[in-house]
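Participant: sequence first, predicted model second:
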Amino acid sequence: MNTNLEQSGLHKNGSGTDKAPIRFASRVWLQRIALGLSFITVFLLFAFPILKLIALSFVHKTGTGLGVYFDLLNEARTWKTVESTLIIISGSTLVSLILGIGIAWLIAYSNLSHKVWLHLIVMLSFIIPSYVVTLAWTSFTGVQGPIADFLHLFSSELKPWSMYSYGGIIWVMGIHHYPLVYLLTVGVLRRIPRELEWASRSGGAGKWTTFRTITLPLAMPGIASGGLLAFLASLDNFGIPAFLGIPANITVLSTLIYEQVVGFGPSAFARSSALAVLLGVIAVIGTWIQWLVQRSYRSSETSYEDMKPRFQLGKRKWLWTGIVWLFLAVITFLPLVSMLMYSLKKAYGLPFGWDNTTADHYRFVLWENTKAHHAIGNSFILSFVTLIVCLILGTAFAYYRLRRPTLLVKSMDLVISLPYALPGIVFGLAMIFTWMEPIPGWNPGVYGSMAILFIAYVIRFMTLQVRSSITAFLQVDASSVEAARISGAGWSSVWRKILFPLTIPGVLAGALLVFLSALTELTVSSLLWSSGSETIGVVIFNFEQAGSTNYSTALSCVIVALIMVFMFLLQAVNNWTARRKGGVL
């Protein structure tokens with residue numbers, strides 16, 4: 001019966017005009033199936049490891065329940081670790097807020113000279129890996145460093161401030177994360193309508209009153225967002241507390257989780273899972289506080305950034321410019337120079353001089369040491385492959401996210417962002433639990449190989465490419481795409497002639513960010529590496545733990561040189577973008 005109807009229908013419409021709706025319906029169903037499979041894949045790769053980690057935290061030797069949590073909460077060390085964690089992240093966030101807001105105000109509002117270079121120097125503090133910043137500051141403030149030599153000019157009894165302390169950890173974290181506060185605050189300050197500030201000044205309010213009653217409340221959403229990022233970055237940071245805290249017996253949650261995992265005790269995985277959940281709870285509480293702060297302040301931003309100075313420094317311009325440059329040099333360049341000097345010394349304890357310098361440490365880490373040599377190769381291979389995968393998949397998803405913003409697609413976007421939002425030590429732990437045995441009884445051999453690092457990098461850094469590509473696509477005028485489609489251009493022509501040329505700067509900027517993040521990564525790698533799959537960060541960490549500071553500083557200097565190259569590449573991409581848009585740098 002059905003066959004006859006189909007045959008009669010086809011016979012009646014011999015021209016095949018009724019096939020078009022059938023083909024359209026088939027295409028719609030295929031798209032839905034593909035979208036459903038994509039969501040399942042994204043869920044299994046990005047969300048399932050996190051859910052598995054949470055589930056494992058409820059597995060106790062007495063059965064399933066809250067036993068692990070009760071055991072941890074009954075231990076004095078857990079509460080001491082939580083206390084240390086809160087002290088350090090609160091203190092470092094406060095340092096980041098003070099520095100970030102101050103420098104953002106000077107760059108956004110004043111007529112300081114060379115603002116473009118100042119911006120690059122500020123961002124350099126964050127782009128350099130935290131473990132390299134730590135080594136730079138220990139070289140700068142060490143007993144053989146420039147600070148000690150300067151103090152000895154006044155008295156041989158004076159000693160520099162030890163970085164191996166709560167204060168040292170807070171300071172290094174604060175100066176490493178303050179660019180996050182700066183970046184979000186400077187944009188908000190430039191979008192505040194200057195008419196509101198003029199009205200306040202015209203009403204008789206002074207500069208400080210205007211700042212306190214107008215500028216600060218309107219900038220608070222950006223300040224709160226920057227403060228939250230600094231808070232979460234401090235909570236996530238493993239390198240600084242590992243390099244400075246472990247030698248001083250200062251334990252935070254990230255280093256305690258690391259100790260539990262590498263210890264391989266009878267309940268190490270369950271305990272580390274519970275600690276990871278506790279770390280996540282602190283992150284959620286911080287996010288909730290930031291939401292409350294943002295909610296209590298209103299926003300009156302304009303749609304464009306006002307780049308013109310609002311505060312003239314007058315005769316003090318060069319004085320303030322010199323102070324800012326000196327401050328940034330002290331917290332950024334001098335520690336790096338100290339680290340370079342340390343890496344060139346023949347041995348620890350020798351004064352720096354021509355007779356005591358050598359390049360042997362660089363030759364050792366670059367050519368003679370097999371692990372260091374392989375680590376550099378591994379990091380570049382992992383970073384490049386991660387870049388390619390994220391560039392293709394992340395850009396494709398970003399385009400689909402804007403073209404079809406359905407609830408399912410938005411949910412995929414949220415799931416993709418989860419691994420990067422979580423502390424790295426938590427995500428690394430989730431990857432271990434997932435890939436040791438993805439299906440009960442089946443071990444694919446991923447854990448313990450370089451493959452797990454590749455999978456982890458792609459999952460963790462995919463959202464960086466997605467966000468950058470979405471921003472790039474939003475800059476394209478939709479009318480130009482529609483005009484091309486109406487004119488009969490296919491999607492391949494639209495991509496080749498319109499989308500690709502207009503979005504390539506932003507897309508490449510995201511790809512370089514992915515590459516740089518993967519190249520210098522330590523937190524996730526510290527849990528997932530195995531013999532033969534060491535990365536640059538892991539080798540530097542191992543050198544430092546073994547007391548081979550000359551080697552760790554030498555390899556760190558190589559990393560800084562590479563980062564400087566990539567910073568110039570990013571700036572070149574930004575300059576290219578500005579020229580294409582007719583903007584002014």
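Facilitator: That came through, no problem.
Participant: quick one: the residue nearest to the spatial centre of the chain from Thr549, how far?
Facilitator: With distances taken as C-alpha atoms, centre = their mean, the residue of the chain nearest its centroid is Ser517 (6.9 Å). Summarising the geometry, the distance separating Ser517 from Thr549, computed by C-beta to C-beta, to the nearest Å, is 26 Å. Heads up, the C-betas are built off the backbone N, CA and C, glycines and all.
Participant: ok, now Tyr399?
Facilitator: 47 Å.
Participant: neighbour count winner among these two?
Facilitator: Thr549 (21 against 17; other C-beta atoms under 10 Å).
Participant: any idea how far Leu189 is from that one?
Facilitator: Spatial separation of Thr549 from Leu189 under the definition C-beta to C-beta is 41 Å.
Participant: wait, what's in contact with Ala430?
Facilitator: Contact criterion C-beta atoms under 8 Å, 6 or more residues apart in numbering gives Pro49, Ile50, Lys52, Leu53, Ala276, Leu422 as the residues in contact with Ala430.
Participant: quick one: which of those is nearest to Val284?
Facilitator: If you rank these by distance to Val284 using C-beta to C-beta, Leu422 comes first, at 10.6 Å.
Participant: next, the closest one: phi, psi?
Facilitator: With angles defined as degrees, to the nearest 10, Leu422 sits at phi -80, psi 150.
Participant: low-confidence regions, the chain specifically.
Facilitator: Residue ranges of the chain with pLDDT under 70: 1-28, 264-266, 294, 296-306, 348-350, 478, 485, 489-491, 574, 577-585.
Participant: quick one: the strands in it?
Facilitator: Per DSSP state E, the chain carries strands over the ranges 59-60, 63-64.
Participant: and these: which comes nearest Ile98?
Facilitator: Of all the strands of the chain, strand 59-60 sits nearest to Ile98, with 43.6 Å by C-beta to C-beta.
Participant: got the contacts of Ala430 as CSV, with neighbour count and distance to Ile170 columns?
Facilitator: Formatted as CSV, the entries for the contacts of Ala430 read as follows, by neighbours: other C-beta atoms under 10 Å; distance: C-beta to C-beta, whole Å:
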residue, neighbour count, distance to Ile170
Pro49, 27, 32
Ile50, 23, 29
Lys52, 16, 34
Leu53, 25, 29
Ala276, 29, 23
Leu422, 23, 23
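Participant: and of these, the nearest to Ile223?
Facilitator: Leu422 (23.8 Å).
Participant: surely the closest one touches Gly280?
Facilitator: Yes: with contact taken as C-beta atoms under 8 Å, Leu422 and Gly280 are classed as touching, separated by 6.6 Å.
Participant: so what sits against both of the two?
Facilitator: Shared contacts of Leu422 and Gly280, defined by C-beta under 8 Å, 6+ apart, are not found at any residue.
Participant: for Val476, which non-adjacent residue is spatially closest?
Facilitator: Setting aside the residues directly before and after it, Val476 is nearest to Leu502 in space (C-beta to C-beta, 6 or more residues apart in numbering), at 5.0 Å.
Participant: could you do Leu328 as well?
Facilitator: Using C-beta to C-beta, 6+ apart, the closest residue to Leu328 is Ile121 (5.0 Å).
Participant: how near is that neighbour to Thr332?
Facilitator: Distance of Ile121 to Thr332, given as C-beta to C-beta: 6 Å.
Participant: find residues that contact each of those two.
Facilitator: With C-beta under 8 Å, 6+ apart applied, the contact sets of Ile121 and Thr332 do not overlap.
Participant: from Ile536, how far off is Tyr131?
Facilitator: 10 Å.
Participant: typo on my end, it should be Leu464
Facilitator: Applying C-beta to C-beta, the value for Leu464 to Ile536 is 19 Å.
Participant: then Tyr399?
Facilitator: As for Tyr399, its distance to Ile536 is 33 Å (criterion: C-beta to C-beta).
Participant: one more: Ile376?
Facilitator: 6 Å.
Participant: could you do Arg401 as well?
Facilitator: With distances defined as C-beta to C-beta, the gap from Arg401 to Ile536 amounts to 33 Å.
Participant: so those two - more neighbours on which side?
Facilitator: Summary of the neighbour comparison: Arg401 and Ile536, criterion other C-beta under 10 Å, with Ile536 having more neighbours (29 against 19).
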